[in-house]
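>>> one predicted model, sequence on top.
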Amino acid sequence: SIFYKADASGFTRNSIWLYRKRQDGNLLFTLQGRSDELIRIAIDNPALLQVQNSRTFHHLAITVKRSTEKNTGKVTAFIDGKQVNQTLFTASPTVNNSGDLFFGNNHQLSSPWEGRLDEFAIYDKVLKADRIQEHYEAGKKSLTHEVTRNPSTEEKEAFFETRIRPVLVERCVTCHTGEPDADSPLATDSRNALLTGGEYGPAVIPFRAEDSLLIAAIQKTHKELRMPPDDGDELTRKEIQDFYRWINDGAVWPGSMDTPVAAKEHNESTGVQYTPELDWAFSPREVTEPPLSPDPKWNTNPIDQFVDAARRTKKLPFNPRATRNTLIRRATLDLTGLPPTREEVHAFVTDNTETQVAFAKVIDRLLQSPMYGERQGRLWLDIARYADTQGDVGDIPIHSAYRYRNWVINALNRDMPYNAFIQAQIAGDLLAVDSSNSEQAKDLNVATGFISLSRRFGNRKADSLHMTIEDTLDTIGRGVMGITLRCARCHDHKFDPIPTADYYGMYGIFRSTVYPWMGMSDEKSPFDLNPIDPLSSSTSEGKAYWELIARYEYQINNHHRPWLKPTLDAFKKTDTEFKQRQAELAELEKSSPDSEEIPALRSAIEELQQQRDDHLNFRSGAFRELMLHGLAWIRSEKDQLGKNPPFEFVFSVRDGDAADSPIHLRGNPENPGQTVPRHFLSTITPVAETKITAGSGRLQLATWLTRDDHPLTPRVVVNRIWAQHFGRGIVESLDNFGRQGKRPTHPELLDWLTESFVTNGWSIKALHRQIMLSQTYQLSSLDESQEALLTDPDNVYLWRFSRQRLDAESIRDSILFTSGQLDLTQPGAHPLDPWYNTRYNLNTPFHKEYDHNHRSVYLITQRIFRHSLLGLFDSPDTNSSTASRNSSNVPAQALFLMNSKFIENQSHALAVRTVNARPDDDSRIRWLFEHLYSRDIESDELTAIMQFLKSYRQTPTSGPVSSATVLPEYLALCRVLLTSNEFFYID
C-alpha cells in the first residue's frame, strides 16, 4: 500500500489504499470514507505488460470528481500521462481530512509494497488530462535509474551462501527434486531449475521478487502454491525478506547455472587448495625496493616512486599539484570530516615556507585535532556494523552502546596502535586481567562492544545464538581479514582455501563466549550484562543479579504458563461479565426498583460469582494467592531490581564454558557433524600449531590476527586507509582479498606500505601522514589531459586526484559547521527510556532519532530504521560490516535539499552570520565563498550573484533592506550555495 490515513476505530476506514492484487499482480486504488462507502478502480500494472521488465518508473495519477448535485461521481486512472480506466460511483464517501497522511507502508506485514517512490503529491482539485500529461512529461526528464543499494557480486554471493542456500537445502530440495516421481515437477536444486519453474511457470524472475511465484508460495498468497504446504509450517518473516532481497538483487547463484544447491556431507576437506599465484593475500609479504624515477621530484616519497613507475608503463602524464586552497580543504575534510575555517585557510595560503613543509604542518595539526577521531571513528564504526540497537524483532535499544562508540573515537585520537586496537575489541575483557589500573580495565571491557554488538535475531536467545555468532565471524572475516569467511558456513569455501572445518574452528571460540542481551520479544529483561569494571569483585555479584532478573522473568512468562494462562483467561472473561451484570442491576434498581427482571439478574450474578470463585479456587487457595499476590510480587521485585542496579553495567562479553563446536552440516545447527578443535585459518597456521587449551580462545585469536607477519590483517587496514584518501583501494574490493575479489593494481606498493606500517608500530596516524605527504595525494583533480582521460578514465594509475562526494555525516556536519550551529562537545548517553518501562516487539519496534546539533557520529544509530537525512545520502547498512559506502545520485536527494526544514534552518543561520559578518554585498559575498568553499570568488561569479541580489530585491516579496534582519535575498543565496556540488565534494 502507498497511502494510509485510517481511523483508529476501523483500520481501513477513512483511508486511501493503492495495492497490488494478490493473484494477478495488477493494481487497485481504493478510497474509503468514515463509514463503508468506498471508491475503487482497477489499473493494469504496466510492469506486467513488458516481456522483460526494465524496472523503470511509471507515473500514476488518480482523479476523483464528485458531483455537486448528487452524491455520485467518477474516478479516472492515468498511467504515464494516458487515461487507462474510468468508473462511476454512486455513493460518495465522506472523508475526514484532518491528521497526518502516511505513504510507503502496508497494513499486511506478509505482503509489503515492493518498489521505490520518486515523487508523491495530492491536489485539492481535479487535474485535467492535458495537465496530467504535462506532469508526466516534466517528471520523466528528472528520473534516474540509479539505485541507492548496489551490492557487489561478492556481497550477493555471500548473502546467498548464508541466507538462501541453507533454507533451500533444509526446506525445499528434499521434495522439489524435479524427478519424474516427485510430487511436483518444480526443482529447486539449481538456479536453472528455479528459472525454468514448474507447471505454473518460472519460480524466480531475477530482479522482480513481486512477480516471482516463489515469493507468492512462501508468503502463501497464491491460490494453489503454498510452501511449505502444511498449515503452521511457514518461513519466518526474516527468511521471506531474505528471498525478496536475493531475487531483487538478481538471484545470484555462485558457480554455474546448474551448480547444485546441496553440498555433500562433510567428511574431509574437498575444497579449494591454497595456490600462491591465486591466493596472493594468504601469502607472506614480498617487500621490494621502491624503483627510482627519472624525475627527481618523484623520488622523495616511496609511494610516489611506485606510483610513477606504474604510470610510466602506461605512458600517462600527471596533473600538476593542486592549489593551496584546494589542498587544505581536501586534507581537512579527509581527516576531520569538516571544512577548514577562513583563518586556517589564510594561514596556510600565506605561509612563506615551501608548500610541502607548510602542508606537513597542516597535517600534523589535523592529526592532533579531537575532530580527527570523530571522523575516523565513524569509518571504523562502519566496519564494526555499530548500532545502538540489537536489530531484528523489536530492534531493542542498547543503553550503554555509546560507550563503545566513544571508546573507538578516543582510541583513534590517541593513535592506539592498530594491533592493540584489534586485540582490545576481540579480547579486551581478558586483557584487562593484566591491566595496571581500573580505568584502563574499564576501557578494555567496553572495547569488546565490537563483539557484543553483533546482531540479535528472532524472539528467543536459544533460537538464534548461532546467527549472532555468524554475524561476529562475518565481521571479523570481512572487516579485519578481508575474506568472506561466512561462505564456509555450509560447506568448504567454493573460491578461497577456507575449509568449513576452519569456520567451525573459529565458531567454537565464540560459542565459548557469553554474549549480553537487552532482552528479546519473548524474554523481556536484559541478561548477561557485565559490570563496567572487570577487575572488581562485583563480577560474580553482577552475574547473580541478572540471573535473578531472568528467573523472575521466566516465572512471570513461562513457568506457570501451561496451566496459569487458560485459567486467567477464563477468570477475566467471567469477571468482566460479572461486573457488567452488577452495573446493570444497580442501574435497574435505581430506575425501576419494582422491575420483574431484578430477581433473574440477581440470580445470574450469583451464578457468575460462583464461577469466578471456582476459577480462583483451582488447585486450592495456593493458586489464588499465587495469581493475585505472587505474580504481582515477582513483577514488583523484578522492576525494583531494574531500577536499582548494584553497580554500572555495560554491554560487553566474557568467557563462558569452553567447548569445541561440531560442524553444522549444511549450516544447520540442528544437524551436527564432526566436532573440530578451536583453531584459526589452517592455510595460514596449521591446526596442530593452534594451542587453545583454556578459555574461549578469543585472546589467542586476537594475538594471532595481529602478528606482525599476518598476511591479511595489516594489508587490509592499509588498503582501507588508502581508499579513504583516494576513493579507491589498491585492492578495489576492500573487504574481499580472495579470488572473487579484485587483484591489487600496485601489489609492490601495497606490500611496501604494509611493511612500513607494521615497522612504524601499526600507527594509523603515521600512515595517514605518509600518504598525504606524497605528490600523488597532492595532485589536482582537474581533467587536464584528454589523452589520460581516454586511456585511464577510472584513474587506476593515479595521474590525477579523484574527486569524491562527502559522506552523509560529513554533509550534515559541514552544513552545521558553516552555519555556526555545530556543537563540538562530546555528548553523553541517549535519552532512552529505562529498559523496565519498555516493551518492544515486531509490531512496535523501537524508533527514535533524538536529533541534536552535535556531530553526526553521536546520533543514535538503529538497525531497522535509518536516520532520515543520513540514510538518504548512503549511510551504511548497520546490519553488516561496510568497508565501502555507495555514493548514489537520486532525485530524492535534490528534493530533500530543496525542501528540507533542516536546510532551511541552517540557511537562515548562515544568512544571519553573513549579514552580520560584513557591511555590504561585495564583502559579504566574498566572505561567503571563503567560508563555504575555502577560495576566493571569481569575477564572473561575483557579477552573477550581485545581479541575483538586485533582481531579488525588485520582487514584491522581498523584505526591508536592513542589516539588522535576515535579508530574504541572503536566505535564498545561502540556500543555493549551501547545497551546491562544490560544497558537497572533495576536490
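Cool, got the structure.

>>> apart from its neighbours in sequence, what residue is nearest F160?
Sequence neighbours aside, V252 is the residue nearest to F160 in space, at 5.9 Å (criterion: Cβ to Cβ, 6 or more residues apart in numbering). Quick note: C-beta positions are derived from backbone N, CA and C, even for glycine.

>>> what's around that neighbour, how many residues?
Here the number of neighbours of V252 (other Cβ atoms under 10 Å) works out to 19.

>>> is it in contact with R163, as I believe?
No: the criterion here is Cβ atoms under 8 Å, and V252 misses it with R163 at 11.7 Å.

>>> what residues are shared contacts of these two?
W246 (Cβ atoms under 8 Å, 6 or more residues apart in numbering).

>>> how near is R698 to L529?
Distance of R698 to L529, given as Cβ to Cβ, to the nearest Å: 18 Å.

>>> again, but for K494
Distance check for K494 against L529: by Cβ to Cβ, it reads 39 Å.

>>> which of the two has more neighbours?
Neighbour count, other Cβ under 10 Å: between K494 and L529, L529 has more, with 24 against 19.

>>> for the more buried one, phi and psi?
In terms of degrees, to the nearest 10, the main-chain angles of L529 are phi -70, psi 160.

>>> go on, the one 4 residues further on?
The phi and psi values for D533, taken as degrees, to the nearest 10, are phi -100, psi 100.

>>> give me the number of residues near it?
Per other Cβ under 10 Å, the neighbour tally for D533 reads 19.

>>> equivalent analysis for N71, please.
Counted with other Cβ under 10 Å, residues neighbouring N71 total 13.

>>> now swap in D877 and tell me
17.

>>> what ranges does the stretch 801-950 of the chain have for its strands?
804-805 (DSSP state E, counting those that start in this stretch).

>>> return the helix or strand in this protein with minimum mean pLDDT.
Scoring the helices and strands of the chain by mean pLDDT, DSSP states H and E places helix 620-625 at the bottom, with a mean of 47.

>>> what about stretch 427-444, average pLDDT?
In this model, stretch 427-444 has a mean pLDDT of 90.

>>> wait, isn't L338 in contact with S369?
No: in this structure L338 lies outside contact range of S369 using Cβ under 8 Å: 9.1 Å.

>>> higher neighbour count, those two?
Counting neighbours by other Cβ under 10 Å for L338 and for S369 shows that L338 has the greater number, 22 against 15.

>>> wait, is that one part of a helix?
No: using DSSP: H, G, I helix; E, B strand; the rest coil, the assignment for L338 is coil, not a helix.

>>> distance of the closest residue to it other than its chain neighbours from D388?
Spatially, and ignoring its direct neighbours in sequence, L338 is nearest to F817 (5.1 Å; Cβ to Cβ, 6+ apart). Distance, F817 to D388, by Cβ to Cβ: 24 Å.

>>> those two: who's more crowded?
D388 (27 against 21).

>>> so who does that one touch?
So D388 contacts P397, I398, A401, Y402, H830, I860, T861, Q862 (Cβ under 8 Å, 6+ apart).

>>> list just the nearest of those residues to E596.
Nearest to E596 among the contacts of D388: P397, at 60.7 Å, using Cβ to Cβ.

>>> shouldn't that closest one be in contact with Y850?
No: applying Cβ under 8 Å as the test, P397 and Y850 come out as separate, 10.5 Å apart.

>>> mutual contacts of the two, please.
Taking Cβ under 8 Å, 6+ apart as the contact rule, the neighbours common to P397 and Y850 are H830, I860.

>>> related to what we said a few turns ago, pretty sure the residue nearest to L338 sits against P340.
No: using Cβ under 8 Å, F817 is not in contact with P340; the gap is 10.1 Å.
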